[in-house]
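Novice: coords please:
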Amino acid sequence: MAPGRRSPVLPVLLFALVCAALLAATLHMLELPFHWAYGAVLGYLTLVTLLIHLWQEHGDPGDAKGQVRRYMTGLVVKMLLSLFLLLFVVVLSPKDLALPLALAFALLYLAFLGFSTARAANLLRRS
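Specialist: You can find the predicted model right below:
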């Protein structure tokens with residue numbers, strides 16, 4: 001971690017907690033049960049986001065091109081892993097859970113993508 005930078009652990013975990021609360025509230029409003037698969041998706045996205053942020057923020061803060069390269073690599077790796085996991089989850093989940101789970105996965109993926117982009121832009125602006 002570069003000097004003067006804070007660890008991404010707390011922001012990522014707080015964001016995941018907010019996403020979990022919003023997901024639970026949305027499922028409750030739609031009268032859908034909170035299946036363990038939703039928790040698995042949230043856990044996966046939290047873990048992957050945290051690992052990618054830890055890796056990205058260990059780069060040289062003075063090397064803007066290197067930071068952008070790390071950010072783009074992280075995006076591609078996360079997208080490919082997420083596509084395979086989404087396919088795996090939809091194929092193996094019960095038919096009545098497949099569509100809500102796929103929609104939740106996509107919306108959570110976009111939320112974590114927005115979080116990662118905002119954090120990366122903020123870190124690039126500071127360096």
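Novice: helix, strand or coil for the residue of the chain most remote from its centre?
Specialist: Distance to the chain centre peaks in the chain at Gly62, reaching 25.7 Å (criterion: C-alpha atoms, centre = their mean). With DSSP: H, G, I helix; E, B strand; the rest coil as the basis, Gly62 sits in coil.
Novice: backbone dihedrals for it, please?
Specialist: The phi and psi torsions at Gly62 (degrees, to the nearest 10) take the values phi -80, psi -10.
Novice: in the longest helix along the chain, what counts as buried?
Specialist: For the chain, the helix reaching the highest residue count under DSSP state H is reported as helix 95-126. Under the neighbour-count criterion of 16 or more other C-beta atoms under 10 Å, helix 95-126 has 97, 100-102, 104-105, 108-109, 111-113, 115-116, 119-120, 123 buried. Using the backbone N, CA and C atoms, a C-beta is placed for each residue, glycine as well.
Novice: for Lys78, give its distance to Ala24.
Specialist: Relative to Ala24, Lys78 is positioned 24 Å away (C-beta to C-beta, to the nearest Å).
Novice: what about those two, which has more around it?
Specialist: It is Lys78, of Lys78 and Ala24, that has more neighbours when counted by other C-beta atoms under 10 Å, with 19 against 14.
Novice: no further queries at this time; thank you.
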